[in-house]
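J.: Fold the stuff below for me.
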Amino acid sequence: MNEHCPRLLLLLSLSLAWLPAAGWADDCKHLVATGNPEYPPYLWRDPHDPTQLMGANADLLKQVAKELGLVVEVVYAGPWSRAQEEARTGRIDMLAGYFLTDARQQAMDFIKPAFLFTPSVVWVRADDTFAYTGWADLHGRNGGTLVSNSHGQKFDDYAKAHLNLEAVPTAAQAFQKLLHKRNDYVIYEQFPGVALAQTLGVQHNLKVLEPPVSSEGLYLALSREAPCITPTLREALERKMREVVASDLPERLVQENLERWKAQQQ
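T.: You can find the predicted model right below:
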């Protein structure tokens, strides 16, 4: 019996590591996430508590965490560029919604599959449009985008090689530069752009050109430097995310948070 004890203990320890609720160390049951704070209906600052982010991404992440016996707080960590840096350095555990690119995969672990897809589009002044059928029609024009933002690996590579895009810290700044004719267009996600235009009261001054430049997946991305992000947690999140994506929960949360956002603006 004694000669089998080490093997039995090893098997027991491996089994316990996979228990979803009881398997986490006490100090790792409470995790912290952040994201783009100008991204309704996916994420935006809670008007009742600006230290927190709310939206479809936050709701989905909290639901996933709850089913794993964890608690995730989705906090405001500054502008999008700073929020990404906080996660890369491990001061924050994860990003609630991140486009996948080659460079980002070098710094973060992406939980697959993507939980939502969002189109990035060309925004122009409503009274100053131009013929547009694809990326090549942006050649020779001055465009705007956000610092540290991505619109998918293929478009990012194309834009770097062929387009003139000036990056600013916030989407509000990008829209204002467009309206003041300092740019000819802005590349930004469609739903967050609609929400921002309504907030700024400029929805009638802006127009979206079709087709989108890209439609990219939003992923949960985990910091490689955060001490609580373990292989066990990554695999548990991947299993749970597959279940979530197979349901209608992500789409329902987007619609619910669109209504929440509109109600708050009223």
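J.: Just the pLDDT for residue 26.
T.: Residue 26 is assigned 70 on the pLDDT scale.
J.: what sits against the most centrally placed residue in the chain?
T.: With distances taken as CA atoms, centre = their mean, the residue of the chain nearest its centroid is residue 97 (2.1 Å). Contacts for residue 97 were tallied using CB atoms under 8 Å, 6 or more residues apart in numbering; they are 35-36, 39, 42-43, 57, 116, 218-220. To be clear about C-beta, it is placed using only N, CA and C from the backbone, and glycine gets the same treatment.
J.: So, low pLDDT: which residues of the protein?
T.: Counting by pLDDT under 70, the chain contains low-confidence ranges at 1-25.
J.: in it, which spans are strands?
T.: With DSSP state E as the criterion, the chain has strands at 30-34, 38-39, 43-46, 49-54, 71-74, 94-98, 108-125, 142-146, 164-168, 185-189, 206-223.
J.: Looking at those strands, which one is packed in the most?
T.: strand 94-98 (a mean of 28; mean count of other CB atoms under 10 Å).
J.: mind checking how far that one is from the chain centre?
T.: 5 Å (CA atoms, centre = their mean, to the nearest Å).
J.: export it as CSV, just CAs?
T.: Provided in CSV are the C-alpha atoms of strand 94-98 (Å, rounded to 0.1, in the frame of the first residue of the first chain):
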residue,chain,number,x,y,z
MET,A,94,-7.2,40.8,-18.2
LEU,A,95,-8.8,42.9,-20.9
ALA,A,96,-12.5,42.6,-21.5
GLY,A,97,-12.5,42.8,-25.3
TYR,A,98,-9.4,42.9,-27.5
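J.: Adjacent strands (with direction) for that strand?
T.: If you go by DSSP bridges, strand 94-98 pairs up with strand 30-34 (parallel), strand 206-223 (antiparallel).
J.: Go through the ones you listed and name the closest to residue 139.
T.: Closest to residue 139 of those, according to CB to CB: strand 206-223, at 13.3 Å.
J.: Fine, thanks again, bye for now.
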